[in-house]
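**Q** Sequence and predicted structure, then a few things I'm wondering about:
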Amino acid sequence: MNPTVSVNLGQLASLARLESGADCTDKGALDHNFVEIYEKFFFQWREEPIRILEIGIYGGGSLELWYKYFSKASMFGIDIDPKQGMDNDRVQTFVADQSNRNQLQKFIDINGGDFDIIIDDGGHTMEQQQISLGCLFPYVKSGGYYVIEDLHTSLPHIWPTFKATPETSTLTMLENFVRGTPPIMFSRYMRPYEMSDLQNNIDFVIINSRIRNDNRSITCLLKKK
């Protein structure tokens with residue numbers, strides 16, 4: 001084991017703990033603890049000039065977390081509400097609806113693609129998750145990651161307000177891909193070429209699930225070939 005790595009791993013979790021609370025990130029151990037799996041894959045880029053896009057800004061806690069952890073990264077945030085007050089030397093925010101393909105494409109036209117990491121922490125509906133994935137996955141770099149947070153909204157017995165069904169569930173769609181269950185990558189919300197691109201360009205999918213306060217927190221990482 002590399003001693004440097006063993007010493008440094010865990011710093012993302014520590015930063016997330018500091019950023020937890022009202023209007024801050026819920027990715028840390030006090031909440032969903034998504035950072036536990038993120039750090040294993042993202043540590044390699046901590047001091048690299050990578051590009052990160054996060055959908056859903058809310059109070060800005062997640063952008064602050066990435067700003068502190070990735071010392072040379074350029075970060076972009078999309079939200080349906082203006083958040084320009086959070087812009088700084090390495091963070092730019094934009095107004096866009098993640099379920100609107102035209103608005104997502106306009107963001108790409110302005111800012112380019114080649115993202116090392118895209119994180120969907122937006123509205124968490126099946127339509128929003130799947131349209132964003134279909135539209136934006138082509139703009140992830142080879143070897144990069146697309147993350148869908150809060151996949152537990154696909155569980156109607158826990159989150160009935162999101163109205164997921166076996167035919168529309170984002171979680172079911174991804175589980176079918178992992179299992180190779182036909183149709184391997186099918187979405188009612190994606191266009192045929194988007195489904196084909198995903199099926200042909202996903203290297204692997206990791207679905208991470210944990211019990212939290214008698215509830216469940218699920219996040220998913222899709223690596224691009």
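**A** Now that the structure is in, tell me what you want to look at. Numbering: from 1, shown residues only.

**Q** Would you check that Gly60 makes contact with Lys83?
**A** Yes - Gly60 lies in contact with Lys83 (C-beta atoms under 8 Å); the separation is 6.8 Å. C-beta here means a position set from N, CA and C on the backbone, and glycine is covered the same way.

**Q** Point to the helix or strand of this protein where mean pLDDT is at its lowest.
**A** The helix or strand of the chain with the lowest confidence, counting by mean pLDDT, DSSP states H and E, is helix 3-8 at a mean of 44.

**Q** Now do the same for Phe177: helix, strand or coil?
**A** helix (DSSP: H, G, I helix; E, B strand; the rest coil).

**Q** Look at it and report its pLDDT.
**A** Model confidence at Phe177, given as pLDDT, is 94.

**Q** try Pro192
**A** For Pro192, pLDDT reads 96.

**Q** Please report phi then psi for it.
**A** Taking degrees, to the nearest 10, you get phi -50, psi -40 for the backbone angles of Pro192.

**Q** swap in Ser209?
**A** The phi and psi torsions at Ser209 (degrees, to the nearest 10) take the values phi -130, psi 140.

**Q** Counting neighbours, what do you get for it?
**A** The local packing of Ser209 (other C-beta atoms under 10 Å) involves 14 other residues.

**Q** Just to check, it is in contact with Ile218?
**A** Yes - the pair Ser209 / Ile218 is scored as a contact, 4.6 Å apart, by C-beta under 8 Å.
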